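Chemist: I would like to see how this sequence folds:
(2 chains)
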2 protein chains.
Amino acid sequence: MSSDNPTSGDNQQETLVPRLELDPMWVVGFVDGEGCFSVSIHRNPHVRRTFGWQIQAAFQVYQHERHRVTLEAMAQFFRLGRIRPKGPASRVLTYSVWAASDLEEVIVPFFEQYPLVVKHDDFCKFAWIVRSMRQKEHLTTDGFERIARLAFSMNDQGKQRARSLDEVLAGSSETVRRAHPL
Amino acid sequence: MSSDNPTSGDNQQETLVPRLELDPMWVVGFVDGEGCFSVSIHRNPHVRRTFGWQIQAAFQVYQHERHRVTLEAMAQFFRLGRIRPKGPASRVLTYSVWAASDLEEVIVPFFEQYPLVVKHDDFCKFAWIVRSMRQKEHLTTDGFERIARLAFSMNDQGKQRARSLDEVLAGSSETVRRAHPL
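Modeler: Residues are numbered from 1 along each chain as shown, chains lettered A, B, ... in the order given. Now for the predicted structure:
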């Protein structure tokens, strides 16, 4: 598990500030409304072992900065994750968990124990991708393609993506061909 | 309680279609994300007893039409309310409870038993207004003004309102002066 616990090293404050204790089912309902399970795939020539594409799974929850305390309670609940502005001038905050170990060991098991209602299908794909990547399946051409196809089928068929699936898959095939010429 | 139960008269279907059973705490979390407690005040010259202004409290939950089943589960959970498109060409659906008796007897007690986290302050004002109106307090000038002031302090200080609080209060005072000239 990563060390990005927002409350670590802050024990004095923890005892002074009353905590907002969240119920697990409330967390599921809130994430069904305001949360997102995503797998981004973007160009990064330095990541040669995944064909110049970086795959990043993330669990995020959004909220206006006036409700920052809710995201802090979420971070306390999972005992990990970071809260940051969504953009440089944004008044929307994002609670994010990116670390692969945190996703696999905490976030995925939680939502398997407490199933989502609205985002259940996307979560199942997300969980599969998180575990596949921990098992290094994305380092093979077939594994990379399976993950990319599944990622693009998430969140309303990837309508918000800047790259097309064909573009991502063409890049991986080309890289493989060049690395292992027939 | 009103008769707008979406499952009434549909017992056969109820036994055939598997229900999505919602947990109360999930409902609270989801409403904290996607729900809204509002009190609208708009011009209606026919409503003379409230100075030409119509006050309407409503509990609403929004969701894209592809998640209609979630709103249907919400309607089954509360056993009341209606699901309609947000607008004529909108793909967003609104689950709404408007009836004063449903709000006072079902919605308000539920969120008192299972407290909201993000929308708790707005809900408290909403509950106060719903009960005040059931006790006819909005029919007096003072009661109308208290309700209007509280309504305008809800949902980010009423930034989305078409009318200003001064406009609403000026209208009520003028009507009263005309009805009871000094």
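Chemist: enumerate the residues of chain A near chain B.
Modeler: By the rule Cβ under 8 Å from any Cβ of the partner chain, the part of chain A lying against chain B is A:20, A:22-34, A:63, A:67, A:70, A:73, A:117-118. For every residue, glycine as well, the C-beta is placed using N, CA and C.
Chemist: can you give me the helices in chain A?
Modeler: With DSSP state H, the ranges of helices along chain A come out as A:11-16, A:24-34, A:68-78, A:100-102, A:108-113, A:120-134, A:141-152, A:154-158, A:165-179.
Chemist: adding mean neighbour count and mean pLDDT, write those out as CSV.
Modeler: Below are those laid out as CSV (neighbours: other Cβ atoms under 10 Å in any protein chain shown; pLDDT from 0 to 100):
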stretch, mean neighbour count, mean pLDDT
helix A:11-16, 9, 44
helix A:24-34, 24, 96
helix A:68-78, 19, 95
helix A:100-102, 16, 95
helix A:108-113, 16, 97
helix A:120-134, 18, 95
helix A:141-152, 18, 90
helix A:154-158, 15, 74
helix A:165-179, 14, 60
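Chemist: in its sheet, what does the longest strand along chain A sit against?
Modeler: Counting residues, the longest strand found in chain A (DSSP state E) is strand A:53-64. As defined by DSSP bridges, the strand partners of strand A:53-64 come to strand A:35-43 (antiparallel), strand A:92-97 (antiparallel).
Chemist: only the C-alpha atoms, please, for it, written as CSV.
Modeler: What follows is strand A:53-64 as a C-alpha-only set of coordinates in CSV (Å, rounded to 0.1, in the frame of the first residue of the first chain):
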residue,chain,number,x,y,z
TRP,A,53,1.2,4.2,-24.2
GLN,A,54,0.7,4.8,-20.5
ILE,A,55,-2.3,3.0,-18.9
GLN,A,56,-3.5,4.6,-15.7
ALA,A,57,-6.4,3.3,-13.6
ALA,A,58,-7.9,5.8,-11.2
PHE,A,59,-10.8,6.0,-8.7
GLN,A,60,-12.0,9.6,-8.3
VAL,A,61,-14.8,11.5,-6.5
TYR,A,62,-15.6,15.1,-7.4
GLN,A,63,-17.1,17.8,-5.2
HIS,A,64,-17.2,21.5,-5.0
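Chemist: average pLDDT for that strand?
Modeler: For strand A:53-64, mean pLDDT is 93.
Chemist: tell me what angle that strand forms with helix B:24-34.
Modeler: 90 degrees (axes from the mean of the first three to the mean of the last three Cα atoms, to 10 degrees).
Chemist: starting from chain B, give me the distance back to the residue positioned nearest the centre of chain A.
Modeler: Geometric centre of chain A, nearest residue: A:A58, 1.0 Å, by Cα atoms, centre = their mean. Computed as Cβ to the nearest Cβ, to the nearest Å, the A:A58 to chain B distance reads 18 Å.
Chemist: distance of that residue relative to B:N44?
Modeler: A:A58 is 48 Å from B:N44, where distance means Cβ to Cβ, to the nearest Å.
Chemist: nearest to B:A170, of the helices of chain A?
Modeler: Evaluated over the helices of chain A, closeness to B:A170 peaks at helix A:68-78, with 37.0 Å, by Cβ to Cβ.
Chemist: so which elements touch the closest one?
Modeler: helix A:24-34, strand A:53-64, strand A:82-85, strand A:92-97 (3 or more Cβ pairs under 8 Å, 6 or more residues apart in numbering or on different chains; DSSP states H and E).
Chemist: tell me which residues are up against that helix.
Modeler: Identification of contacts with helix A:68-78 by Cβ atoms under 8 Å, 6 or more residues apart in numbering or on different chains yields A:6-7, A:19-22, A:27, A:30, A:61, A:63, A:81-83, A:93, A:95, A:97, A:106-107, A:110, B:32, B:117-118.
Chemist: now do stretch A:132-149
Modeler: With contact meaning Cβ under 8 Å, 6+ apart, stretch A:132-149 is reached by A:39, A:41, A:49-51, A:53, A:55, A:57, A:100-101, A:104, A:129, A:165, A:168-169, A:172-173, A:176.
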